[in-house]
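**Q** starting from these lines, generate the structure:
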Amino acid sequence: MASSTLVLVFICLCFVVSSSVATTSPRPILQVTKDATTLQYVTQVSQRTPFVPVKLTLDLGGPYMWVNCERGYTSTTYTPALCGSAPCRLLNTTSCTTGTTCNPPVPDCFNNTCGHGPENPIANTGTSGQLGADVFKIQASNGRNLVSPLTVPRLYFICGNNFVNDGLASGVTGMAGLGRTGASLPAQLSTYFRFDPKFALCLSRSSGAVFFGDGPYTLLPNVDASSSLAYTPLIVNPVTESGFLGDASPKYFIGVKSIKVQDKRVGGFNQSLLTIDGEGRGGTSISSAAPYTVLETTIYKALVAAFVKAMPKNVQKVANVAPFGACFNSNNIGSTRLGPAVPSIDFELQSKNVWRINGANSMVAVNNNVLCLGFVEARTDFAPVIPVIIGGHQIEDNLLQFDLSRSRLGFSSSLLGRSTTCANFNFTSL
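**A** Residues are numbered from 1 along each chain as shown. As a prediction, this is how the structure comes out:
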């Protein structure tokens, strides 16, 4: 009897395991590399018929994908989005463009097509463009290894041009928008492949990944980076940076309640700057377009002063190296698993969890003997709309999961403490 029970239990366990494996479908994934010259995070997809490789700069807060159509865009499967159609409504646009009608349709050569301006937040430029769709191919994974690529027969994007392409990394001809809209890559991919609207960003100073869909997100050596996430709410800013109330910002905001250095709260600035006001100003966003965290002037000066004060007395401050405002002789700064042994910086969050920034994410080695605090001051010639923009250097080797169904951000803190990095997904497995 006991033997029969064990066999039954074994069969049940096998059924559970096989069922869970069977329901794990391939999910899209982007391999990301960091361009050493521009510090942009760059990925590549395939698009058009026949397929053409397209290099794109990641834009975490971008509302859609845009591609430079002036650089020899040809395809037998390109389809314009006609004015008033459902794809146009995804972008909340009523703009229509007119031009010469072509058969078959090609970018900038058709009538009655909805228009929308592609933007380049790195060069701070924008222009006019049209919405269209084409065949799209992307790498895929099972959360642990690569599997066969996935194809979307009609993925919508905006046509850009050479003007808005300026300032992007060499070979890049567009931007991959991951923002909080119905036309972004996460939204379109989750709709087409029918998984929860969720994606995870895992960047590093060499390579990294964007995982679409739920985990596991397994990094070598067999570390599920999603297994111990802390969470905080994602906040919707109801006003875009262009000032249109009711047209919500595509950027991802979190509630930072206070900033601490070595467990001491940073004062000396108006704490209300950390809250989004009725005009959409204030708050904290996360950006892949900003290489370093950008702070409003009073916040920046207060943080730098607190950090310099907390630095051990035997560490010598040296001349600043632009664009940084606090640099140190590195000879007396020790090393830890989490980077240089310097004071910790904490963002105390709305959820009461703490996002801790240790030395690997706070310091930048500008040469063999100098480390600088890797935060920068916002331009002083205008009042920044967003006083705290958490930038690329601070999020490297942290897994960030954007769960749109629950409107929350999951964050791992530094994966260096788990003996892995965001460069450790097995992209050579197929």
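**Q** might you report the residue contacts of residue 184?
**A** Applying CB atoms under 8 Å, 6 or more residues apart in numbering to residue 184 gives the contacts 62-65, 177-178, 250. C-betas here are computed from N, CA, C, even on glycine.
**Q** now swap in residue 320 and tell me
**A** Residue 320 makes contact with 326-327, 372, according to CB under 8 Å, 6+ apart.
**Q** if you rank the residues you listed by neighbours, which is first?
**A** Within the contacts of residue 320, neighbour counts (other CB atoms under 10 Å) peak at residue 372, which reaches 24 neighbours.
**Q** of all the contacts of residue 184, which two lie farthest apart?
**A** Pairwise distances across the contacts of residue 184 (CB to CB) peak at 12.4 Å, for the pair 65 and 250.
**Q** these two - which one has more neighbours?
**A** The neighbour count for residue 65 versus residue 250, taken as other CB under 10 Å, is higher for residue 65 (26 against 21).
**Q** I figured the more buried one hits residue 181, correct?
**A** No - taking contacts as CB atoms under 8 Å, residue 65 lies outside contact range of residue 181: 11.0 Å.
**Q** and residue 219, how close does it get to residue 204?
**A** Separation of residue 219 from residue 204 (CB to CB, to the nearest Å) stands at 10 Å.
**Q** helices of the stretch 201-350 of the chain, residue ranges please.
**A** Remark: helices assigned in the stretch 201-350 of the chain by DSSP state H, counting those that start in this stretch are 297-310.
**Q** quick one: low-confidence ranges for it?
**A** Scanning the stretch 201-350 of the chain for pLDDT under 70 picks out 242-246.
**Q** returning to what we had before: let's have the contacts of residue 184 in CSV, adding secondary structure and distance to residue 28.
**A** Rendered in CSV, the data for the contacts of residue 184 read as follows (DSSP: H, G, I helix; E, B strand; the rest coil; distance: CB to CB, whole Å):
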residue, secondary structure, distance to residue 28
62, coil, 17
63, coil, 19
64, coil, 16
65, coil, 13
177, strand, 15
178, coil, 12
250, coil, 19
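**Q** can you tell me the SS state at residue 409?
**A** Residue 409 falls in the strand class when you classify it by DSSP: H, G, I helix; E, B strand; the rest coil.
**Q** and it, what does it touch?
**A** Residues near residue 409 by CB under 8 Å, 6+ apart: 231-234, 252, 254, 286, 400-403.
**Q** how about a cut-off of 10 Å?
**A** With contact taken as CB atoms under 10 Å, 6 or more residues apart in numbering, residue 409 is in contact with 229-235, 252-254, 286, 349, 351, 353, 355, 400-403.
**Q** how near is it to residue 28?
**A** Residue 409 sits 20 Å away from residue 28 when distances are taken as CB to CB.
**Q** what's the answer for residue 132, then?
**A** According to CB to CB, residue 132 and residue 28 sit 20 Å apart.
**Q** leaving out chain neighbours, which residue sits closest to the residue nearest in space to the middle of the chain?
**A** Within the chain, one residue has its C-alpha closest to the average C-alpha position: by CA atoms, centre = their mean, that is residue 60, at 3.4 Å. If the residues on either side of it in the chain are set aside, residue 60 comes closest to residue 288, at 4.1 Å by CB to CB, 6 or more residues apart in numbering.
**Q** with residue 341 instead?
**A** Closest residue to residue 341 in three dimensions, ignoring its sequence neighbours and counting by CB to CB, 6+ apart: residue 334, at 3.9 Å.
**Q** over to residue 267?
**A** If you skip the residues right next to it in sequence, residue 267 has residue 302 as its closest partner in space, 6.6 Å away by CB to CB, 6+ apart.
**Q** next: residue 223.
**A** Across the structure, with CB to CB, 6+ apart as the measure, the residue nearest residue 223 apart from its sequence neighbours is residue 420 (4.5 Å).
**Q** now swap in residue 413 and tell me
**A** In space, and not counting its chain neighbours, residue 413 is closest to residue 356: 5.9 Å by CB to CB, 6+ apart.
**Q** which residues touch that neighbour?
**A** 260, 338, 344-347, 362, 398, 413-414.
**Q** can you verify it is assigned to a strand?
**A** Yes - remark: residue 356 belongs to a strand, assigned using three-state DSSP.
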